[in-house]
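Q: whatever this is, show me its structure:
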Amino acid sequence: MSIGNEYTHKLSCPRCGNDMYVDDVDYNFEGCQNNYYVCPSCKLGAFEKIRYKKPCYIEYNDEEGNKYDPTQQYNKTLNLELTQQEAFILDEALKCLEEKLSSKQQPTELMTAFWIVQEKVHKLFDVEVK
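A: Purely as a prediction, here's the structure:
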């Protein structure tokens, strides 16, 4: 029996990079649920809120229940001060671009994917697109 549904998805562990699996789902109603993921390698857990059929929040906890902050990855690498929500949005935008690039689509479709990601990042940082 599979726990997932159309509102669960592939989630990579921000700590070790391995795929996490769906451990549990709390269903409220169509498009509103809470997903619980676990990394089989490092045992990091993830709690994800799905609202209005879209992921809107994710929180990571280690096996002792301590919060793990994946924003450290961006803040150290890019010298940014992102909140957890901003890092989540940036991560989702980058995943979208990576999917498009790996699907061997036509150049016009790749440019469209790039513009979508660029727009999301600009909105995230309140940068005006010129």
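Q: ok, now how distant is D26 from D91?
A: In this view, D26 and D91 are 23 Å apart by CB to CB, to the nearest Å. All C-beta atoms are positioned from the backbone trio N, CA, C, and that covers glycine.
Q: who has more neighbours out of the two?
A: A direct count of neighbours by other CB atoms under 10 Å for D26 and D91 places D91 higher, at 18 against 11.
Q: which parts of stretch 10-28 are buried?
A: Counting neighbours by 16 or more other CB atoms under 10 Å, one finds that the buried residues in stretch 10-28 are L11, C13, P14, R15, M20, V22, V25.
Q: now, the residues you listed that are in strands?
A: L11, M20, V22, V25 (DSSP state E).
Q: ok, so of those residues, who is nearest Q85?
A: Distance from Q85 was checked for each of those by CB to CB. The minimum falls on L11, at 16.4 Å.
Q: distance of that closest one from E92?
A: Relative to E92, L11 is positioned 11 Å away (CB to CB).
Q: show me what contacts D23?
A: D23 makes contact with I3, Y36, Y37, V38, G45, according to CB atoms under 8 Å, 6 or more residues apart in numbering.
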